[in-house]
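Visitor: predicted model and sequence below, questions to follow.
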Amino acid sequence: MTESTPLLRVRDAEVTYKGRGRSAKLAVRGVSLDVHPGEIVGIVGESGCGKSSLARAMVGLQATSGGSIEFLGERVRPLPIRRRAASMIPLQMVFQDPNASLNPRRRVDEQIGEVIRGSRKAMRQAVPSKAEVDALVADALDRVGLDPALRRRYPHALSGGQRQRVAIAKVLAVDTKMIIADEPIASLDASSQKRVGALLRNLVDTMGIGMAIISHDLAVVASIADTMAVMRAGEFVEKGTAEQLWTHARQPYTRELLGAVPSLVSRAA
Ligand SMILES: Nc1ncnc2c1ncn2[C@@H]1O[C@H](COP(=O)(O)OP(=O)(O)OP(=O)(O)O)[C@@H](O)[C@H]1O
């Protein structure tokens, strides 16, 4: 069996926060994982276990203090925006709060258009015509299932679920190959959670992108991920397919996380 080359390769990654004086906090302690095209890897654990620190390191927003993180064979590390290599543009992040990535003063289509023009510039490609940008914006909105009638709205005139769809459309508009999503559905109501979760699964299946989803909610991740890693105090304590972890968790900690979910969501068929 030949296995595809991973998009993202994390080996023994560590994140350390320097405190006052000599104290330092080792928030991520030597974790390893691969994310392949067409795959969703879920990273789950309770609050403070180091999930966001790992997510930020995987996308180059946080320095690592050990190990290595590579995207398409190139080292991922924090760099000022203007020095960020064009080769890192296909590695994008979706945040828990869609407002973090939306400009409140720009209409939906304007901000997606700006992202398209900005990425073309960064990649030293020809400036796209207005007609081309319009078509790409329409395509991005279509992919995330947003009603085209909403394209002239400002973010404040959208629901939470619609705002998260726009945030996802922005990352899809730049030829994205890999998305790191940090609690992408935690801020949404229950019905939007299901719909946006299904959307993420569908994007991975139809576009062949890779995705790492970080969440405190094992049930939500298990319903859409292929493989999962359970994180505790900065380490992965259990790894397996979503099915294995859902049905045969070996570690008591994983079973505790499962036990914290009163109404079990069945895995998507
Ligand atoms: N900038 C920082 N400086 C110092 N310590 C930090 C910093 N960011 C996070 N930490 C600490 O690192 C540990 C891991 O935090 P992190 O936010 O990665 O966990 P998390 O699992 O994402 O939690 P949550 O779901 O609550 O965001 C925690 O003990 C946290 O207090």
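Guide: Yep, it's here. Remember, it's a predicted structure, so these values are computed and weren't measured experimentally.

Visitor: every contact and neighbour count from this point should use C-alpha atoms.
Guide: Will do.

Visitor: what about stretch 64-84, distance to the chain center?
Guide: Its chain's average C-alpha position is 16 Å from that of stretch 64-84, according to CA atoms, centre = their mean, to the nearest Å.

Visitor: list the contacts for whichever residue of the stretch 101-250 of the chain sits closest to the ligand?
Guide: The stretch 101-250 of the chain approaches the ligand most closely through residue 216 (6.4 Å), counting by CA to the nearest ligand atom. Contact partners of residue 216, counting by CA atoms under 8 Å, 6 or more residues apart in numbering, are 44, 45, 46, 47, 183.

Visitor: does residue 227 really touch residue 246, like I thought?
Guide: No. Contact between residue 227 and residue 246 fails when scored by CA atoms under 8 Å: they sit 10.6 Å apart.

Visitor: and the longest helix belonging to the chain, which residues are buried?
Guide: Ordering each helix of the chain by length in residues (DSSP state H) puts helix 190-207 first. For helix 190-207, burial by neighbour count (16 or more other CA atoms under 10 Å) applies to 192, 193, 196, 197, 199, 200, 201, 202, 203, 204.

Visitor: for that helix, packing partners?
Guide: helix 160-172 (3 or more CA pairs under 8 Å, 6 or more residues apart in numbering; DSSP states H and E).

Visitor: any idea of the angle the helix it packs on forms with helix 190-207?
Guide: Using axes from the mean of the first three to the mean of the last three CA atoms, to 10 degrees, the direction of helix 160-172 lies 20 degrees away from that of helix 190-207.

Visitor: and the next element down the chain from helix 160-172?
Guide: strand 178-182 (DSSP states H and E).
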